[in-house]
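S.K.: test case, fold it:
(one chain, ligands or ions: 1)
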Amino acid sequence: FLRRLRRTEPHLKSFLYTPSDQTILQQAQELDNRIQNNEPLGPLAGVVVAVKDNICTCDMPSTAGSRLLENYRPPFDATAVRKLKEKGAIIVGKTNMDEFGMGSTTEGSAFQVTANPWDLSRVPGGSSGGSAAAVSARQCVVSLGSDTGGSVRQPASFCGVVGLKPTYGRVSRYGLVAYASSLDVIGCFGSSVADTGILFHAISGHDKFDATSSKRDVPDPTSQFIANDYLVSKPLKGLRVGVIRETLQDGVDPAVVSSVNSATSHLEDLGCVISEVSLPSFALGLPAYYILASSESSSNLSRYDGVRYGKQLFADELNSLYRNFRANGFGSEVKRRILMGTYALSAGYYDAYYKRAQQVRTIVQKSFRDALDRNDILISPAAPSVAYEIGEKKDDPLAMYAGDIMTVNVNLAGLPALVLPCGFANGGSSGLPVGCQMIGGAFDEEKLLKIGHIFE
Ligand code: GLN
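M.R.: Model prediction:
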């Protein structure tokens, strides 16, 4: 993996930081010593993992893709990272991302642009583009990303890998740099459902450092990856699958529609009962998401005040300290979000924007609940298009936001969703991957993983 990482990295730029070969190999050497001494090995012993750069690591920088945190080394590990280390994983580096997770292409990184391994002139998706590209190019076995509005699922789709967005509260957010706290969740990438599920299980569970983390047990999905369920003729007999009508209409690339339709036929062959469901509030999710995510981020990002983090500046008075630090440190998309969020929260506008968006959020949650009462899972594309050219939407924020239509509703409802490759569309030198999104009820990751494993 290390050799491949070093060879491919100059073309991909998926990592913002990798330790020296010697430091990485030392982690492997320690595992070797354990074997020699007959000490037990953890369930992830020797598994090569990459970590998105907004997840804190005490032995590597954690910039969240921002100049403001350029030399920031957290004094602690995120809970997810601590669990990986305890279980024997080898962490090979920190991956590139849109600054603070705000973006859908990874072009919003303050440092570099990551390429899509399927076609180097295209974006890998975002904001966890580095983590998706790294798995896709086999620079690592699995990786961690974060998903506030689709940042694990859309890059998984663009890069042809598996991506899991867990239920809100399933994985501790302790040590995840906050974007929109009511939506943020750490998610997983892998090249198979089994790999992704094992990583998910390793990082999940209650954490006293995150008051929103759930106390529910997390069932170990490993045994169902070993079972030979898929050898019987209709392994998913009777499973009710609802295809979300609003996600396969105008404005969605026909190649995406036909790949998702073929995924649905495949599920039918496996024994599922397919029906169409309508989520009338679907289109409202996008504006509601952008108001809520921007509002929460405008509050969360106020901690970057030039005092607590980053390079120390000096100024005669406090306001000019803030102004200098923020004007030079934040990128343009982050500034746009802070301005939109501050506006939406202002006295006089609050009822019209923030409060209304919260009302839409309640409607979205209810419509998912109704649809999932009648179905085990729901199906949609993970993105309305395949990976597009670098630069194509960079200067058109509204076009970029519109690309999040398939994913943001799931965050508003806090539900788990699994994205897996379901076809190829024309474009690029070898075709471009299309991802299909399977949405489950809250805390139903085990079911999603089982279905995904049989499906692939
Ligand atoms: N593209 C979306 C945004 O910019 C989602 C990002 C994310 O999930 N972190 O807000």
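S.K.: how about residues contacting the helix or strand of the chain with the lowest mean pLDDT?
M.R.: Among the helices and strands of the chain, helix 222-226 carries the lowest confidence by mean pLDDT, DSSP states H and E, at a mean of 85. Applying CB atoms under 8 Å, 6 or more residues apart in numbering, the contact partners of helix 222-226 are 193, 194, 197, 198, 201, 446, 449, 450, 453. From N, CA and C alone the C-beta is placed, and that goes for glycine too.
S.K.: do stretch 26-45 as well
M.R.: In contact with stretch 26-45 (CB under 8 Å, 6+ apart) are residues 46, 84, 86, 87, 88, 89, 90, 91, 198, 199, 202.
S.K.: how about the spatially closest residue to the fourth one that is not a sequence neighbour, secondary structure?
M.R.: Once its chain neighbours are removed from consideration, residue 87 has its nearest residue in residue 42; the separation is 3.6 Å (CB to CB, 6 or more residues apart in numbering). Going by DSSP: H, G, I helix; E, B strand; the rest coil, the secondary structure assigned to residue 42 is coil.
S.K.: burial count for residue 42?
M.R.: 17 (other CB atoms under 10 Å).
S.K.: and what of residue 36?
M.R.: 8.
S.K.: what pairs with residue 419 across the strands?
M.R.: residue 163, residue 437 (DSSP bridges).
S.K.: tell me the contacts of it?
M.R.: Counted by CB under 8 Å, 6+ apart, residue 419 has contacts 152-153, 156-157, 162-165, 382, 435-438.
S.K.: please enumerate the strands of the chain.
M.R.: For the chain, the strands defined by DSSP state E cover 15-17, 48-52, 90-95, 142-146, 162-165, 186-190, 240-244, 273-277, 377-381, 417-425, 432-439.
S.K.: closest one to the ligand among those strands?
M.R.: For the ligand, the closest of those is strand 142-146, at 6.0 Å, according to CB to the nearest ligand atom.
S.K.: pairing partners for that closest one, with directions?
M.R.: Applying DSSP bridges, strand 142-146 is found paired with strand 48-52 (parallel), strand 186-190 (antiparallel).
S.K.: can you list contacts of the first one?
M.R.: Going back to what we said before, that points to strand 48-52. Under the contact criterion CB under 8 Å, 6+ apart, strand 48-52 has outside partners 1, 14-15, 57, 81, 84, 89-95, 97, 128, 130-131, 134-135, 139-146, 199.
S.K.: what does the stretch 251-400 of the chain have sitting close to the ligand?
M.R.: When proximity is defined as CB under 6 Å from any ligand atom, the stretch 251-400 of the chain approaches the ligand at residue 293.
S.K.: how long is stretch 141-158 end to end?
M.R.: 18 Å (CA to CA, to the nearest Å).
S.K.: er, stretch 231-244 I mean
M.R.: 29 Å.
S.K.: residues in contact with residue 408?
M.R.: By CB under 8 Å, 6+ apart, the residues touching residue 408 are 149, 150, 285, 286, 289.
S.K.: the spatially closest residue to it that is not a sequence neighbour: what's it in contact with?
M.R.: Nearest non-adjacent residue to residue 408, counting by CB to CB, 6+ apart: residue 289, 3.8 Å away. Residues in contact with residue 289 (CB under 8 Å, 6+ apart) are 149, 183, 357, 404, 408, 409, 411, 412.
S.K.: which phi and psi does the closest residue to the ligand within the stretch 151-300 of the chain have?
M.R.: As assessed by CB to the nearest ligand atom, the ligand sits closest to residue 151 within the stretch 151-300 of the chain, at 3.0 Å. Note on residue 151: backbone dihedrals following degrees, to the nearest 10 are phi -70, psi -10.
S.K.: what's the burial count for the closest residue to it other than its chain neighbours?
M.R.: Of all residues not flanking residue 151 in the chain, residue 127 sits nearest, at 4.2 Å (CB to CB, 6+ apart). Residue 127 sits with 34 neighbouring residues when counted by other CB under 10 Å.
S.K.: mind checking how far residue 127 is from residue 95?
M.R.: According to CB to CB, to the nearest Å, residue 127 and residue 95 sit 10 Å apart.
S.K.: quick one, what contacts the closest residue in space to residue 246 that isn't next to it in sequence?
M.R.: In space, not counting the residues next to it along the chain, residue 246 is nearest to residue 282; the distance is 4.0 Å by CB to CB, 6+ apart. Residue 282 sits next to 244, 246, 247, 367, 405, 409 when contact means CB under 8 Å, 6+ apart.
S.K.: which one of these has the most neighbours?
M.R.: Taking other CB under 10 Å as the neighbour criterion, residue 409 ranks highest of the contacts of residue 282 with 33 neighbours.
S.K.: and the residue lying closest to that residue once chain neighbours are set aside, what does it touch?
M.R.: Nearest residue to residue 409, sequence neighbours excluded (CB to CB, 6+ apart): residue 285, at 3.8 Å. Applying CB under 8 Å, 6+ apart to residue 285 gives the contacts 360, 364, 405, 408, 409, 412.
S.K.: thinking again about what came up before, the strands paired with strand 142-146 into TSV, with extra columns for distance to the ligand?
M.R.: Shown next, in TSV, are these (distance: least, CB to the nearest ligand atom, whole Å):
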stretch	distance to the ligand
strand 48-52	10
strand 186-190	9
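S.K.: out of those strands, flag the one nearest residue 338.
M.R.: Closest to residue 338 of the strands paired with strand 142-146 is strand 48-52 (CB to CB; 21.4 Å).
S.K.: up against the ligand, what does the stretch 51-200 of the chain have?
M.R.: With CB under 6 Å from any ligand atom as the criterion, the stretch 51-200 of the chain comes near the ligand at residues 101, 102, 103, 104, 127, 146, 147, 148, 149, 150, 151, 179.
S.K.: which one (most neighbours) among these?
M.R.: Ranked by the number of neighbours (other CB under 10 Å), those place residue 151 first, at 36 neighbours.
S.K.: hang on, isn't it packed against residue 132?
M.R.: No: in this structure residue 151 lies outside contact range of residue 132 using CB atoms under 8 Å: 9.4 Å.
S.K.: residues shared between the contacts of the two?
M.R.: Counting by CB under 8 Å, 6+ apart, the shared contacts of residue 151 and residue 132 are residue 145.
S.K.: low pLDDT regions in the stretch 151-300 of the chain?
M.R.: Scanning the stretch 151-300 of the chain with the threshold set as pLDDT under 70 gives 228-230.
S.K.: show me where it has its helices.
M.R.: Remark: helices assigned in the stretch 151-300 of the chain by DSSP state H, counting those that start in this stretch are 153-159, 193-203, 222-226, 254-269, 285-300.
S.K.: of all of the stretch 301-450 of the chain, which residue lies closest to the ligand?
M.R.: Counting by CB to the nearest ligand atom, the stretch 301-450 of the chain gets nearest to the ligand through residue 404 (4.7 Å).
S.K.: now the spatially most central residue of the chain. Its backbone dihedrals?
M.R.: In the chain, the centroid-proximal residue (CA atoms, centre = their mean) is residue 152; its distance is 2.1 Å. Per-residue torsions, residue 152: phi -100, psi -40 (degrees, to the nearest 10).
S.K.: good, we can wrap up now.
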